[in-house]
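**Student:** sequence? don't have it. structure:
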């Protein structure tokens, strides 16, 4: 085989490899951080105010994970309990948006909530806690490894 045919074979292999990679990458699933990203970006200043409110709390939300019980315990600030806490706890899975879960805040009289996580897969999760108490909005985010 002379050098001309070798160039054609190498070029042909390069084209086949490039097309194969393009086909492979086009079929990959891409999870966005949020489906309504642009809407959230517009409302970001309100989110920053909620984060600032949560950071200014004397007693922030306490989160603990029990491996034995496969449960997460959230303890909200005691001063908010008489004001009535309403909100949501969002379990965000960065690697797979299909696994995200959301729970309503439903506290005991002591200001704690226990959430069983045995149905959640092991790995990294972000807990996004959004609540209101006494007309004031708060947001806190914690990283938990199950």
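**Tutor:** Sure thing, it's come through. In this text, all values refer to a predicted model and were calculated from it rather than measured experimentally.
**Student:** contacts for stretch 130-146 next, please.
**Tutor:** Stretch 130-146 is touched from outside by 46-47, 49-51, 53-54, 57, 60-61, 63, 65, 70, 72, 76, 80, 83-88, 90, 105, 117, 120-129, with contacts defined as CB atoms under 8 Å, 6 or more residues apart in numbering. To be clear about C-beta, it is placed using only N, CA and C from the backbone, and glycine gets the same treatment.
**Student:** does residue 78 touch residue 60 like I think?
**Tutor:** No: contact between residue 78 and residue 60 fails when scored by CB atoms under 8 Å: they sit 11.8 Å apart.
**Student:** domain map for this protein?
**Tutor:** The chain breaks down into these structural domains: 1-30, 41-145 (assignment by automatic domain parsing).
**Student:** how about TSV for those domains, with mean neighbour count and mean pLDDT added?
**Tutor:** What follows is these, written out as TSV (neighbours: other CB atoms under 10 Å; pLDDT from 0 to 100):
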stretch	mean neighbour count	mean pLDDT
domain 1-30	9	89
domain 41-145	14	85
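**Student:** so who does the spatially most central residue of the chain touch?
**Tutor:** Residue closest to the mean C-alpha point of the chain, counted by CA atoms, centre = their mean, is residue 92 at 2.5 Å. By CB under 8 Å, 6+ apart, the residues touching residue 92 are 100, 125-128.
**Student:** will you turn those residues into TSV that also has distance to residue 15?
**Tutor:** Formatted as TSV, the entries for those read as follows, by distance: CB to CB, whole Å:
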residue	distance to residue 15
100	41
125	43
126	43
127	48
128	46
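**Student:** among the residues you listed, which two are most distant?
**Tutor:** With CB to CB as the measure, no two of those lie farther apart than 100 and 127, at 11.3 Å.
**Student:** overlap of the contact sets of the two?
**Tutor:** Among the neighbours of residue 100, those also in contact with residue 127 (CB under 8 Å, 6+ apart) are 90-92.
**Student:** closest to residue 8 among the residues you listed?
**Tutor:** Out of the shared contacts of residue 100 and residue 127, the one with the shortest distance to residue 8 is residue 92. That distance is 51.3 Å, counting by CB to CB.
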